[in-house]
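Visitor: Next one to model:
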Amino acid sequence: MPDQSTTTPLHMRVITSPGTRAIVALAAGLIAGAALAHEQPGGGTAAGPDSSGSAAAASTSANTGNTSTGTGTSDADPATPAQQPINEQGISGELFHALLGLSMQNADYSGFPDEVITGYPADSSTWKKQDNPAPELPNIAAYQYYTDANDNGSPKNERTADGNFFLAQSNFFYHLNTGMKGSNSGSASEVFLNSSATIPVQVTDEGITLANTMKLEQETASQGPKTYELKADAPKGVSKMDFITFDTFVQSYKGTDNTNSGSYSVQVKKGDNPQQAKLCWYDSVGSVSRTVCQVWSVPGDWTFGKALNYDRTEVDDMRGYLPPTDFNPGARSFYWVTGPQTWPRL
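Guide: Numbering: from 1, shown residues only. Model (predicted):
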C-alpha cells in the first residue's frame, strides 16, 4: 500500500509510480529550481485481469472539513507535457478531476440511463458482453455519481454543454456503487455483494483534494451489511497542472483496526487506445475483493468543463467467499461490463 505525504507546492508536479522515481529525481536535480524530489512509495498486487498495485481501504467523513489543499506525494519533471490532457505516460490533473466529477444522472435527478449502468457477464480478455452467459450469474449495476457538499442527493446545475453529464466544479461527495440488478435469465443463483463508497472531494481554483477519510457501506458474506470508516495517511491534492502517470496510486485508504481491516484505493490505467483512460478502484474490504474501472475516451479538442465519451465500466469480482461453482468449477473471479453511452460521441 502506498503511503501518502505532502510536499512543497510546485508549479507542475508529476505523480509517479516507483519505476519512474529515479528518472524523475535525476531530471529534477539537473534543472535548477524546477522542483523538490520526493519519494513516492508503492507496490503490491490488486485484483483485475489488467491491473497491478495494492488495493487500499476507504472511509468517508460527513463533511469536507477534513480535506485540505495539500499537494500530496509527487516528483517534478519539467519536461513532462502536463498541458496535454492525456498522452502515453498518463493524464493531467484537470482530466483526473473530470474522471472523478462526471455524473450521468438524468436531467431531473430521477436516476441513470439504464443502458450505461447495467453490467452483464463479460469475457475478461475482451471486456465484451457474453453471448450466452451462465444463467446462474446475475446482472449488476455499476456507476459513479456525485452529490454536493451537503450530500443532499443532487448536484448543482453543472451540466456539460453536450447535455448528457453533470461535472462537479465545487466541493462534492464522490460515490461509487456496485450491486445486484437482477437476473440475465430469470434463474440467477449466484450472489453479488452490494458496495457503496463515498469520498469527500474539495474543489479550489488550483485543483481538487481527496479527503483522508471515506465511508464504505458494503454487504458481507454472512453478517449482512456493514459500514466501514477508512482512512488515508493524509488528504491528497491534485492540482490542475499535475501530471498523473499511469499505474500510480493517487489515494489509498485502509481500515483503522483489526475489526475494520482491508484497503480501498484509486489509480489511473492506460486504455486500449491513445485517447482512452481507466479510472480504477480496488476494493479489498471485508468479504469483497473487487476491481471497478470506468473507461473514458478523451475527445481531441477536450478542455476542462467539456464532457468525455463514456465507453464502459469493467468489474472484476474475486468471489473467495463462495465455493467453486458447478457451472464453472474452480472459478473464483467473474467479470461484468456495462454498455457505452447511447448518445452521439464528441
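Visitor: okay, CA-based contacts and neighbour counts for the rest of this
Guide: OK.
Visitor: So which residues lie in contact with stretch 159-170, not counting its own?
Guide: The contact list for stretch 159-170, computed with C-alpha atoms under 8 Å, 6 or more residues apart in numbering, reads 98, 101-106, 146, 148-149, 155-158, 202-204, 305-307, 343.
Visitor: Break down the stretch 201-346 of the chain into its strands, ranges please.
Guide: Shown for the stretch 201-346 of the chain, the strands assigned by DSSP state E, counting those that start in this stretch span residues 207-210, 213-219, 225-231, 236-239, 243-245, 249-255, 262-270, 276-285, 290-297, 309-318, 333-338.
Visitor: how about these, which one is nearest Asn139?
Guide: strand 333-338 (7.9 Å; C-alpha to C-alpha).
Visitor: Next, the angle from the closest one to strand 309-318.
Guide: 160 degrees (axes from the mean of the first three to the mean of the last three C-alpha atoms, to 10 degrees).
Visitor: So, low pLDDT: which residues of this protein?
Guide: 1-12, 16-82, 106-110, 151-157, 182-189, 258-259, 323-331 (pLDDT under 70).
Visitor: those helices in it, which residues are they?
Guide: Here the chain has its helices, by DSSP state H, at 21-30, 93-101, 114-117.
Visitor: Tell me, how many residues neighbour the spatially closest residue to Thr227 that is not a sequence neighbour?
Guide: For Thr227, ignoring the flanking residues on the chain, the nearest one in space by C-alpha to C-alpha, 6 or more residues apart in numbering is Glu217 at 4.4 Å. Using other C-alpha atoms under 10 Å, Glu217 has 17 other residues around it.
Visitor: ok, now Thr342?
Guide: 11.
Visitor: Also Glu314?
Guide: Using other C-alpha under 10 Å: Glu314 sits among 26 other residues.
Visitor: Arg332 versus that one, what's the distance?
Guide: For Glu314, the distance to Arg332 (C-alpha to C-alpha, to the nearest Å) stands at 17 Å.
Visitor: With Lys306 instead?
Guide: Counting by C-alpha to C-alpha, the separation of Lys306 from Arg332 is 40 Å.
Visitor: Between these two, tell me which one has more neighbours.
Guide: More neighbours surround Lys306 than the other of Lys306 and Arg332, with 19 against 15 (other C-alpha under 10 Å).
Visitor: didn't the residue nearest to Thr227 look like it was pressed against Leu193?
Guide: No: between Glu217 and Leu193 there is no contact under C-alpha atoms under 8 Å: 10.7 Å.
Visitor: give me phi/psi at the closest residue in space to Lys306 that isn't next to it in sequence?
Guide: In this structure, Lys306 finds its nearest non-sequential neighbour in Thr160, 5.8 Å apart by C-alpha to C-alpha, 6+ apart. With angles defined as degrees, to the nearest 10, Thr160 sits at phi -70, psi 160.
Visitor: give me the number of residues near Asn273?
Guide: By other C-alpha under 10 Å, the residues close to Asn273 number 9.
Visitor: Relative to Asp114, how far out is it?
Guide: Separation of Asn273 from Asp114 (C-alpha to C-alpha): 26 Å.
Visitor: do the same with Ala149
Guide: Distance, Ala149 to Asp114, using C-alpha to C-alpha: 26 Å.
Visitor: same check, this time on Thr198
Guide: Taken as C-alpha to C-alpha, the span from Thr198 to Asp114 is 22 Å.
Visitor: Neighbour count for the two, which is higher?
Guide: Between Thr198 and Asp114, Thr198 has the larger neighbour count (other C-alpha under 10 Å), namely 25 against 11.
Visitor: dump the residue contacts of the nearest residue to the more buried one once chain neighbours are set aside.
Guide: Closest residue in space to Thr198, ignoring its immediate chain neighbours: His175 at 4.7 Å, by C-alpha to C-alpha, 6+ apart. Contact analysis of His175 by C-alpha under 8 Å, 6+ apart lists Gln144, Tyr145, Tyr146, Thr147, Ser196, Ala197, Thr198, Ile199.
Visitor: Could you pick out the buried ones from the residues you listed?
Guide: Buried subset of the contacts of His175 (neighbour count, 16 or more other C-alpha atoms under 10 Å): Gln144, Tyr145, Tyr146, Thr147, Ser196, Ala197, Thr198, Ile199.
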